[in-house]
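A.B. asks: Coordinates for the following, if possible.
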Amino acid sequence: MEADYQPPFSSARGLTASHNDHEDPYPSLSDYHDYEPNLEFDDTELQHSAVATDGATPEEEEEASALDYLESPVSDGTIEENFEEQLVGAPVVPTGEDSLAYSFPDDEEEEDYRDAARHGIVDVVGDDAYGRKVVVVSACKLPGGRELDHALLLRYLMYTLDKYVEQDYSLVYFHYGLTSKNKPSLSWLWQAYRAFDRKYKKNLKALYLVHPTNFIRVVWQIFRAAISAKFGRKIMYVNYLHELKQHLDLDQLNIPQPVLEHDARLLLKNNRVAPQSPAEAPSATFHAPLETQQFGVSLQFIKDHHGGEVIPPIVRQCVEFLSQPDALETEGLFRRSASVAVLKEVRSRCNQGHPVDLQGDVHLAAVLLKTFLRELEEPLLTFDLYDEVNQFQSVSKDERPRYVKILILEKLPEDNYQVMKYIFQFLSKVMDRSDLNKMTSSNLAVVFGPNLVWAQTGQLSLSAIAPINMFTDFVLVHQDQIFII
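C.D. replies: Predicted coordinates for the structure are as follows:
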């Protein structure tokens, strides 16, 4: 069976499709001329590595010599220039089950990941333009092997992704900052390749590789025989940060300062200027929301301009549509993304006060509901309650019912309470069909939790996601005792 996994660090650039795939090379967000190769060592050395070409046919070796590689326009003098030396002596990749170098604890064991989490290497931010969760990996935050056990890091990566792989998600990898001091060993990369099986790849819809360098080339040679063209088409290469704006909210990503500075140096070196967004342009002016607008405004605004209705019309329409038996029984409800073009059109029509046609699309209605919550001017659980929700994990189990009731029944504004009650009573129907739609309370908590509350800064740290999801799960399970009928 073909293995097509690409882990966060080794899923750096797959530079061409396999020889059976005749499509264009994997997509880039930059012009082609940005990727003219500037090779620093002989390809033959790589092609004859036992790891890279073991068992390859003559045709495959001939094709490998013609690969077009990505090279960073500017070398910063710190990134893996000595990787080719390691590749020469790299061990032959084992294929037996006993080849796993690291042991993994049993699923039932609770492992302490605080040592890995404190570095901030992995973060989960909001959603991209397609309604998918965004996982960010920053190489510049990776400490050396002596400071952090890389085996622990691998388990932490899997622990983090396990919360999101059951729904569509995107991954951003900031490659800048991977040096000779903190780069993982080749054996670690192979272990990661083996550990991340199909479930981690299936729902990964986009992998953005930002500021890639020669490290990408070497890793591709090691793993190219096992990486499928299908997975390769999910990869997009980003030379400059401004190229991400069409897909992601850069402010939401919490980009490390070293990455920002590196991007500025690249722009200066290559005589590039990042295009200004409308908000940054000098002529930009503030536009008041339309009176019919529902997305991106407050609940009070919607109520004031829609006949005093507490439940926003678009929320009611989506919930009523999704409450139909066929919709409730749709497997993957709230996990799948919708067509971004259709989503933008429906959202625009809604804001302009036109009738909204859900086109019989269950996933469109589901994404619209999540988008509405995510784009509220203030989250449904309000900024004021963020810290209390974030502390939920530390509350004793005996105290949690009282803690939640006080927070929701006493501290949540009345309109917010009514909207939350309306949505959660609907989600109870979704849970009742979990045998068919696979959406248990924990799965729904992962989907809805980060869309119900976030910090006033607009950013949601990875450490906050666990208590927010736990709080949401608790409310889902006990909603009939929390919400007054």
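A.B. asks: Pull the contacting residues for residue 431.
C.D. replies: 439, 440, 441, 444, 476 (CB atoms under 8 Å, 6 or more residues apart in numbering). Any C-beta I mention is one placed from the backbone N, CA and C, and that applies to glycine too.
A.B. asks: Confirm it sits in a helix?
C.D. replies: Yes. According to DSSP: H, G, I helix; E, B strand; the rest coil, residue 431 belongs to a helix.
A.B. asks: coming back round to it: would you write a PyMOL line that selects the buried entries of the contacts of residue 431?
C.D. replies: Remark: buried members of the contacts of residue 431, expressed as a PyMOL selection using 16 or more other CB atoms under 10 Å:
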select buried, resi 439+440+441+444+476
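A.B. asks: how much space between residue 385 and residue 455?
C.D. replies: 11 Å (CB to CB, to the nearest Å).
A.B. asks: Mind checking which of these two has more residues around it?
C.D. replies: residue 385 (20 against 14; other CB atoms under 10 Å).
A.B. asks: is it true that that one touches residue 416?
C.D. replies: No. In this structure, residue 385 is not within contact of residue 416 by CB atoms under 8 Å, at 9.3 Å.
A.B. asks: Could you list the low-pLDDT ranges of this protein?
C.D. replies: 1-111, 129-131, 215, 217-218, 220-228, 275-287, 458-462, 485 (pLDDT under 70).
A.B. asks: All the strands of it, in order from the start?
C.D. replies: For the chain, the strands defined by DSSP state E occupy 122-127, 133-138, 169-174, 204-210, 235-238.
A.B. asks: Rebuild the ones you listed as CSV, extending it with mean neighbour count and distance to residue 341.
C.D. replies: Formatted as CSV, these follow (neighbours: other CB atoms under 10 Å; distance: least, CB to CB, whole Å):
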stretch, mean neighbour count, distance to residue 341
strand 122-127, 22, 17
strand 133-138, 23, 20
strand 169-174, 24, 17
strand 204-210, 22, 15
strand 235-238, 23, 18
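A.B. asks: okay if I get those as JSON lines plus distance to residue 426?
C.D. replies: Formatted as JSON lines, those follow (distance: least, CB to CB, whole Å):
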{"stretch": "strand 122-127", "distance to residue 426": "20"}
{"stretch": "strand 133-138", "distance to residue 426": "21"}
{"stretch": "strand 169-174", "distance to residue 426": "24"}
{"stretch": "strand 204-210", "distance to residue 426": "26"}
{"stretch": "strand 235-238", "distance to residue 426": "36"}
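A.B. asks: Can you check which of those strands gets nearest to residue 194?
C.D. replies: Ranking the strands of the chain by proximity to residue 194 (CB to CB) places strand 204-210 first, at 17.1 Å.
A.B. asks: so how many other residues sit close to residue 344?
C.D. replies: 11.
A.B. asks: ok, now residue 417?
C.D. replies: 18.
A.B. asks: hang on, it packs against residue 408?
C.D. replies: Yes. Residue 417 sits in contact with residue 408 when judged by CB under 8 Å, with a separation of 6.6 Å.
A.B. asks: how about the helices in the stretch 151-300 of the chain?
C.D. replies: Secondary structure of the stretch 151-300 of the chain (DSSP state H, counting those that start in this stretch): helices at 186-195, 198-202, 214-223, 229-232, 250-253, 257-269, 299-305.
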